[in-house]
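**Student:** Curious how this folds, go ahead:
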Amino acid sequence: MPISAPARLVSGSPPPAGRYDADIIILTMGRLPETLEAVASASRQASAHVYIALLDQGTDSFARARYAEVFAGCKCAGFFVSDTNLGVGGGRNFLSGIGHGEVIVALDNDAVFADPFIVFDVLRIFEYAPRLAAIALRIMDATGKNLDHGSWGFPKSLKPRARGKFLTTTFVGAGHAIRRAAWRDAGGYDESLFFTWEEYDFSLRAIARGWHIEYRGELAVHHKSSAESRLRWRAGRTKLQVRNRLIIARKWGASWASLLPRIAAYALKGVLNGTPLAPLAGTAAALWRDSRTPKQHMPPPMARYVDEHEQAHRGRLIDRIGPELFARLARE
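**Tutor:** Take a look at the predicted model:
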């Protein structure tokens with residue numbers, strides 16, 4: 001599955017040769033102050049032996065010089081640079097692949113851990129759940145007082161359980177942890193997806209192999225998401241979201257006929273969001289890729305897991321898009 005080109009270590013040290021508990025991996029393409037805060041937050045994790053790895057995939061020379069200065073002389077941290085953007089999956093595969101901690105903890109470069117014992121608690125949870133592949137952390141806003149609703153990657157019906165725990169079929173990239181054995185078993189991330197839905201794709205492949213995914217609301221990160229950045233990404237992001245979600249559905253045996261209601265819903269949302277061409281472009285890109293998309297049917301245990309821990313909470317498609325449509329029509 002991994003196809004990424006290698007990056008190079010420019011400051012700090014490679015992972016220790018001996019055993020350590022976890023790799024904390026961070027990707028960056030900008031946001032210098034926020035990235036430095038994320039690295040500092042990772043360095044404050046206590047009661048666990050960690051290696052911190054930062055991969056720069058496209059910031060300016062000033063930022064790279066600053067990162068190199070921060071990592072200089074570090075024995076348990078390394079700053080890596082790639083001259084090309086490997087994408088989210090490619091970047092995480094690279095950083096995960098160079099390390100050998102039992103757990104891989106990923107943190108967005110605009111996020112910080114809510115407390116110094118998140119990694120310690122993650123390790124404890126994995127220790128007592130041998131078939132647990134990944135832990136989804138609760139994503140809070142920058143204040144740490146409210147849920148980051150834009151980063152809620154689960155059915156809306158589960159929001160009342162945001163401080164609790166539940167089995168699920170995905171995790172949110174802003175803050176999560178993966179057992180290395182499960183990462184290897186599932187084959188890492190599909191780098192061809194590049195951006196969006198890569199966590200869901202990985203989770204489904206892990207679930208197919210008998211692993212499970214758990215949301216743990218008592219473990220949190222504070223996410224300083226940038227609305228401006230999201231707006232700039234809107235059209236391109238929508239295209240990738242549609243493309244990748246259709247590709248994943250096709251991977252697991254969905255026919256194009258069965259996907260027509262989903263495609264229609266994406267087209268409607270594109271119109272409502274002011275990006276009417278993006279869903280069409282995403283659908284066309286998925287069709288173009290279809291002959292190269294490996295296809296298989298969900299094994300019965302996997303299908304039951306997905307039905308119980310995803311579909312049962314999402315409800316009908318019309319129930320999900322109807323309120324948004326009516327709200328938009330009421331404003332016009």
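**Student:** how about the CA coordinates for the strand ranked longest in the chain, as PDB?
**Tutor:** Longest strand of the chain, by residue count under DSSP state E: strand 212-223. Taking C-alpha atoms only, strand 212-223 is exported to PDB below (Å, rounded to 0.1, in the frame of the first residue of the first chain):
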ATOM      1  CA  HIS A 212     -11.900  -2.900  16.200                       C
ATOM      2  CA  ILE A 213     -11.800   0.900  16.600                       C
ATOM      3  CA  GLU A 214     -12.800   2.700  19.800                       C
ATOM      4  CA  TYR A 215     -13.700   6.300  20.500                       C
ATOM      5  CA  ARG A 216     -12.500   7.400  24.000                       C
ATOM      6  CA  GLY A 217     -13.900  10.800  24.900                       C
ATOM      7  CA  GLU A 218     -12.000  11.000  28.200                       C
ATOM      8  CA  LEU A 219      -8.800  11.600  26.100                       C
ATOM      9  CA  ALA A 220      -8.800  14.900  24.200                       C
ATOM     10  CA  VAL A 221      -6.800  17.300  22.100                       C
ATOM     11  CA  HIS A 222      -7.500  21.000  21.600                       C
ATOM     12  CA  HIS A 223      -7.700  21.800  17.900                       C
END
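**Student:** quick one: strands adjacent to it?
**Tutor:** With DSSP bridges as the test, strand 212-223 is paired with strand 111-113 (antiparallel), strand 132-140 (parallel), strand 165-168 (antiparallel).
**Student:** Would you mind identifying the next helix or strand past the last one?
**Tutor:** Pointing back at strand 165-168 there. Later in the chain than strand 165-168, the nearest helix or strand by DSSP states H and E is strand 175-179.
**Student:** what's next to that following strand, contact-wise?
**Tutor:** Contacts with strand 175-179, where a contact means C-beta atoms under 8 Å, 6 or more residues apart in numbering, come from 22, 96, 102-108, 111, 113, 119, 122, 126, 132-139, 199, 202, 220-221, 223. C-betas here are computed from N, CA, C, even on glycine.
**Student:** So what touches the helix or strand following it?
**Tutor:** Sequence order places helix 180-186 as the next helix or strand after strand 175-179, per DSSP H and E. With contact meaning C-beta under 8 Å, 6+ apart, helix 180-186 is reached by 96, 100-104, 132-134, 202, 205-206, 209, 211.
**Student:** Let me know the closest of those to Ser291.
**Tutor:** Arg205 (20.4 Å; C-beta to C-beta).
**Student:** Low-confidence bits of the stretch 1-150 of the chain, can you list those?
**Tutor:** The model of the stretch 1-150 of the chain has pLDDT under 70 over residues 1-5.
**Student:** What segments of it are strands?
**Tutor:** With strands called from DSSP state E, counting those that start in this stretch, the stretch 1-150 of the chain shows them at 8-12, 22-28, 50-56, 77-81, 103-107, 111-113, 132-140.
**Student:** now the ones you listed as TSV including mean neighbour count and distance to Lys269?
**Tutor:** Shown next, in TSV, are the strands of the stretch 1-150 of the chain (neighbours: other C-beta atoms under 10 Å; distance: least, C-beta to C-beta, whole Å):
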stretch	mean neighbour count	distance to Lys269
strand 8-12	16	41
strand 22-28	26	27
strand 50-56	26	32
strand 77-81	23	37
strand 103-107	26	28
strand 111-113	25	27
strand 132-140	25	22
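**Student:** Pipe those strands into a markdown table and attach distance to Trp183 per row.
**Tutor:** Listed next are the strands of the stretch 1-150 of the chain as a markdown table, based on distance: least, C-beta to C-beta, whole Å:
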| stretch | distance to Trp183 |
| --- | --- |
| strand 8-12 | 21 |
| strand 22-28 | 10 |
| strand 50-56 | 14 |
| strand 77-81 | 18 |
| strand 103-107 | 6 |
| strand 111-113 | 20 |
| strand 132-140 | 8 |
